[in-house]
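> Let's see this in three dimensions:
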Amino acid sequence: MERRRLGRTGLEVSVLGFGGSEIGFERAEPGTVQRLLDEALDAGLNVIDTAECYGDSESLIGRAVAGRRRDYHLFTKCGHYDGSGRDDWHPASLEKSIARSLERLRTDHVDLLQLHTCSEEELRRGDVLEVLERARERGQARFLGYSGDNAAARYAVDCGRFDVLQTSVNVADHEPLTLTLPAARAAGLGVIAKRPIANAAWRSGARPTNAYAHVYWDRLQRLRYDFLARPVPESIGVALRFTASLPGVHTLIVGSTRPGRWRENAALMAVGALPAADVDAIRARWQQVADPSWIGQR
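Just a heads-up that it's a prediction; the model follows:
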């Protein structure tokens, strides 16, 4: 599996990482998570990304692979302390959240601590940034990141206080290609692509039951990329390789509850870089069809 240097952090990261939202929200069994992560780590994955609000995700990860802590870079997020998805940027809540995450993950530090969809207003106020910076000073985090989109993500890049940006970018979400990725690259930030296959919203051929993928489904119905007509594994491979080809992107976070899925995705990536002509065709189709309201999705 190809590895890339995560911007100025210097961390060597696998181009495919594991996202922990599904195992938490779908209440995966501990044994399943154990097998899933052990297989992925054995196959070359070295990035695990989660958040305090992904149900039991942190606890499941800690239980499964805390004993292999040197085998992977561990990323988590804070900002929704009660787990309901409601924002809570009070410094005391963030402090408690960080301590709880470390306990759940069974570690004394994370490699990347991220603010999770914090608004631009909160970022400009500065209190939340100071909490993360104190955590880094205490050794609870090696590097700091911002996970989010739109104008807040651009401010996070420009303010100079983060090492990494995690943002949604894929075949159905091109806003970062002009709004944040060039600036992040110029500033030397690492970039993590979340939702890198647009939730595979086209997989079943019908509108997904999960509303989280509805925006991407609706966009793709209008975009009608040629590759979407190919067999599903092949089309997912094109989507993965498109996101991996974008300048400045270092690792793609893909979640699953099924052991073996990461190996399958790694095999799709191993075909090689998406030809420049295919990348250009996807970009051209977006520029032809995309509505100005199609902003980055959380």
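> mind listing the helices for the stretch 101-250 of the chain?
Assigned by DSSP state H, counting those that start in this stretch, the helices in the stretch 101-250 of the chain fall at 120-125, 127-137, 150-158, 176-179, 181-187, 214-223, 232-245.
> Tabulate these (CSV), appending mean neighbour count.
Backbone N, C-alpha and C define where each C-beta goes, glycine included. Shown next, in CSV, are these (neighbours: other C-beta atoms under 10 Å):
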stretch, mean neighbour count
helix 120-125, 15
helix 127-137, 17
helix 150-158, 21
helix 176-179, 18
helix 181-187, 18
helix 214-223, 17
helix 232-245, 20
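> Same list (these) but as CSV, adding mean pLDDT and distance to Trp89.
Converted to CSV, those look like this (pLDDT from 0 to 100; distance: least, C-beta to C-beta, whole Å):
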stretch, mean pLDDT, distance to Trp89
helix 120-125, 95, 5
helix 127-137, 97, 5
helix 150-158, 97, 12
helix 176-179, 97, 23
helix 181-187, 98, 23
helix 214-223, 97, 25
helix 232-245, 97, 30
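> Could you export those to a markdown table, including columns for distance to Thr76?
Formatted as a markdown table, these follow (distance: least, C-beta to C-beta, whole Å):
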| stretch | distance to Thr76 |
| --- | --- |
| helix 120-125 | 19 |
| helix 127-137 | 11 |
| helix 150-158 | 17 |
| helix 176-179 | 22 |
| helix 181-187 | 20 |
| helix 214-223 | 25 |
| helix 232-245 | 22 |
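> wait, which of those is closest to Ala284?
Closest to Ala284 of the helices of the stretch 101-250 of the chain is helix 214-223 (C-beta to C-beta; 11.0 Å).
> Can you report how many residues lie near Gly67?
Neighbours of Gly67 under the rule other C-beta atoms under 10 Å: 10.
> just Asp42 next, same as before
Neighbour count of Asp42, defined by other C-beta under 10 Å: 11.
> residues contacting it?
By C-beta atoms under 8 Å, 6 or more residues apart in numbering, the contact set of Asp42 is empty.
> on that earlier part again, can you tell me which of the helices of the stretch 101-250 of the chain comes nearest to Arg68?
Of these, nearest to Arg68 by C-beta to C-beta is helix 127-137, at 23.4 Å.
> Keeping just the C-alphas, turn that closest one into PDB.
Listed next in PDB are the C-alpha coordinates belonging to helix 127-137 (Å, rounded to 0.1, in the frame of the first residue of the first chain):
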ATOM      1  CA  ASP A 127     -10.800  29.500  23.000                       C
ATOM      2  CA  VAL A 128     -11.200  26.100  21.300                       C
ATOM      3  CA  LEU A 129      -7.800  26.400  19.700                       C
ATOM      4  CA  GLU A 130      -6.200  27.200  23.000                       C
ATOM      5  CA  VAL A 131      -7.700  24.000  24.500                       C
ATOM      6  CA  LEU A 132      -6.100  21.900  21.700                       C
ATOM      7  CA  GLU A 133      -2.800  23.700  22.000                       C
ATOM      8  CA  ARG A 134      -2.700  22.900  25.700                       C
ATOM      9  CA  ALA A 135      -3.400  19.300  25.000                       C
ATOM     10  CA  ARG A 136      -0.500  19.200  22.700                       C
ATOM     11  CA  GLU A 137       1.700  20.900  25.300                       C
END
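> So which of the helices of the stretch 101-250 of the chain is nearest Ala198?
helix 214-223 (4.3 Å).
> Low-confidence bits of the stretch 51-200 of the chain, can you list those?
Under the criterion pLDDT under 70, the flagged ranges of the stretch 51-200 of the chain are 83-84.
> where exactly do the strands run in it?
Taking DSSP state E, counting those that start in this stretch, the strands of the stretch 51-200 of the chain run over residues 73-78, 110-116, 141-147, 164-168, 190-194.
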